[in-house]
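K.L.:
Quick one, what's the 3D model for this:
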Amino acid sequence: MGNCQATEAATVVIQHPGGRVERLYWPTSAEEVMRSNPGHHVALVTLCLSKEQREDGGSVRVTRVRLLKPKDMLLFGQVYRLITSQEVTKAIRARKYEKMKKTQSELIKKQEEEEQRQKQLQSRTDGHKEVFDEGRQLDSECINQGAKLERERQQSSTQPAGRARQWRPSLKSISEVGS
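P.N.:
Model (predicted):
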């Protein structure tokens with residue numbers, strides 16, 4: 001007597017689509033419940049307060065449903081709902097459609113940003129085309145010089161050891177003038 005709430009918390013509550021409520025007083029898996037109710041899936045029901053505010057100042061209560069795998073155990077004190085297979089496929093299609101719409105809108109947004117960036121670059125390059133041409137010439141000269149140095153380095157390193165170059169001074173001889 002007086003412990004009625006304790007037994008209520010020690011049950012698994014399953015809500016059927018017709019409104020019937022079933023209470024289980026022993027641990028069971030989602031697979032057993034689905035086997036006894038063919039064509040249905042077991043989902044965990046959680047109540048959440050949304051971040052959106054209603055007009056009267058209160059928050060909106062949202063019911064979230066998460067499908068369980070057949071191997072999942074139903075926990076005491078939780079509320080579960082049986083959902084038909086048609087509802088599951090309908091929800092999956094809706095979720096895929098939402099994802100597709102979201103990715104399409106993100107792709108369109110990225111394309112618009114890229115077009116704007118290209119237009120900005122085009123407007124900048126139109127006024128400074130001569131400067132870019134000179135820069136390209138300087139770049140090609142630097143590349144040619146680098147390639148020439150690389151070829152010379154390879155030639156000097158590929159010569160056989162017996163035929164090494166003789167060292168020559170790079171300074172001209174200084175002649176002494178007698179006084």
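K.L.:
residues in contact with residue 71?
P.N.:
By CB atoms under 8 Å, 6 or more residues apart in numbering, the residues touching residue 71 are 29, 30, 31. Where C-beta positions appear, they are placed from N, C-alpha and C, glycine not excepted.
K.L.:
Doesn't it belong to a helix?
P.N.:
No - read with DSSP: H, G, I helix; E, B strand; the rest coil, residue 71 is coil and lies in no helix.
K.L.:
Please report the distance of it from residue 13.
P.N.:
Going from residue 71 to residue 13 by CB to CB, to the nearest Å gives 21 Å.
K.L.:
swap in residue 90?
P.N.:
Counting by CB to CB, the gap from residue 90 to residue 13 is 24 Å.
K.L.:
Compare the two and say which one has the larger neighbour count.
P.N.:
Taking neighbours as other CB atoms under 10 Å, residue 90 and residue 13 compare with residue 13 leading, 17 against 12.
K.L.:
for the more buried one, what are its contacts?
P.N.:
With CB under 8 Å, 6+ apart, residue 13 has these contacts: 21, 22, 23, 78, 79, 80.
K.L.:
Among those residues, name the ones in strands.
P.N.:
Among these, DSSP state E puts 21, 22, 23, 79, 80 in strands.
K.L.:
got a winner among the contacts of residue 71 for most neighbours?
P.N.:
residue 30 (20 neighbours).
K.L.:
Quick one: name whatever helix or strand follows the lowest-mean-pLDDT helix or strand in the chain.
P.N.:
Taking mean pLDDT, DSSP states H and E as the measure, the chain has helix 4-9 as its least confident helix or strand, at a mean of 58. Sequence order places strand 12-15 as the next helix or strand after helix 4-9, per DSSP states H and E.
K.L.:
just checking, residue 21 touches residue 14?
P.N.:
Yes - between residue 21 and residue 14 there is a contact at 7.2 Å, judged by CB atoms under 8 Å.
K.L.:
So between those two, which is more surrounded?
P.N.:
residue 14 (22 against 9).
K.L.:
Give the bridge partners for the more buried one, please.
P.N.:
residue 22, residue 80 (DSSP bridges).
K.L.:
wouldn't it be in contact with residue 81 here?
P.N.:
Yes - using CB under 8 Å, residue 14 makes contact with residue 81 at a distance of 7.4 Å.
K.L.:
can you list residues touching both of the two?
P.N.:
Common neighbours of residue 14 and residue 81, counting by CB under 8 Å, 6+ apart, are residue 42.
K.L.:
Quick check: phi and psi on residue 43?
P.N.:
phi -130, psi 140 (degrees, to the nearest 10).
K.L.:
Could I get the full set of helices for this structure?
P.N.:
Applying DSSP state H to the chain gives helices spanning 4-9, 30-36, 85-127, 129-158.
K.L.:
Give me the neighbour count for residue 170.
P.N.:
When counting by other CB under 10 Å, one arrives at 5 neighbours for residue 170.
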